[in-house]
Structures are given as structure tokens and as C-alpha cells.
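Student: here is a sequence with its predicted model. Questions after.
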Amino acid sequence: MKIKELIVLLEKMPQEALVVVRGYESGYDDIECVTPVTLTLTDTPDWFMGVYEEAENAQENIIEAVFIQHYNNEDKHEIKQGKKIAEQKLERANKDYSKWGKNKKYEK
């Protein structure tokens, strides 16, 4: 499906409707971001693999695409934890700097 085809379909939907994707095993998840990607058709058509793969070194059959990303609850938890850990490290670094009498302050 091309972007213009998706837009035509979405224009027919209620404009305030939530857009979701299927959850990992059941339910639905929010869309978190939309990212451009460069793909190529995969060489291994196993049933459990996607039809496309990232075109890392491909020279031919390059496909410009848009990836609609979602995060499940576990991903969201890990992201929050990662931010919390980063904030704690930042706070520690600033305390260390102040102990050394430096005026520099690290910021997010």
C-alpha cells in the first residue's frame, strides 16, 4: 500500500478516531512514531519472517517506505526505566562536578 492509498482510506474515517496496531499476542497498542526506512525484498521467504528487510548494502531493488512503530507495555516500561536511570546518572554527575568546585552543569 502506498501513502496516497492509505490517506484516501483514512480520510473516510472519523478524524478524531484513535489509530492503533495489533498487540504482540492480543489486544491493541498505540502508534508511537512514523519513520522513513529503506528496504529491499528479503532473500529468505520463511513464513515467520517479513517480506522486506532493511536495505543495508543493497544496490538494486531499493524500496522507500514508512515504518509505523508501536511500543507495547514492556517496551514503555523499559523506556521509562532507561530515562530514570539516565536522569540518576545526570544528577550524580552534577553532584560530582559540584564537589570538584567546577561550574559546569550537565543538562538533559
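Tutor: Sure thing, it's come through.

Student: show me the contacts for the closest residue to P36 other than its chain neighbours.
Tutor: Using C-beta to C-beta, 6 or more residues apart in numbering and skipping residues adjacent in sequence, the residue nearest P36 is V66, 5.9 Å away. Glycine gets a C-beta too; all of them are placed from N, C-alpha and C. Residues in contact with V66 (C-beta atoms under 8 Å, 6 or more residues apart in numbering) are 3, 34-37.

Student: among those residues, who's most crowded?
Tutor: V37 (13 neighbours; other C-beta atoms under 10 Å).

Student: would you agree K83 falls within a helix?
Tutor: Yes - the assignment for K83 by DSSP: H, G, I helix; E, B strand; the rest coil puts it in a helix.

Student: count of neighbours near it?
Tutor: Neighbours of K83 under the rule other C-beta under 10 Å: 11.

Student: all helices of the chain, in order?
Tutor: All helices of the chain, identified by DSSP state H, fall at 3-11, 73-99.

Student: contacts for the shortest one next, please.
Tutor: By C-beta under 8 Å, 6+ apart, the surrounding residues in contact with helix 3-11 are V66.

Student: low-confidence ranges in the protein?
Tutor: Across the chain, the ranges flagged by pLDDT under 70 are 58, 72-80, 82, 85-90, 92-108.

Student: go again with 90.
Tutor: The model of the chain has pLDDT under 90 over residues 20-38, 40-62, 67-108.

Student: longest strand anywhere in it?
Tutor: strand 28-41 (DSSP state E).

Student: quick one: strands adjacent to that strand?
Tutor: Strand 28-41 sits in its sheet next to strand 20-22 (antiparallel), strand 52-54 (antiparallel), strand 63-70 (antiparallel), going by DSSP bridges.
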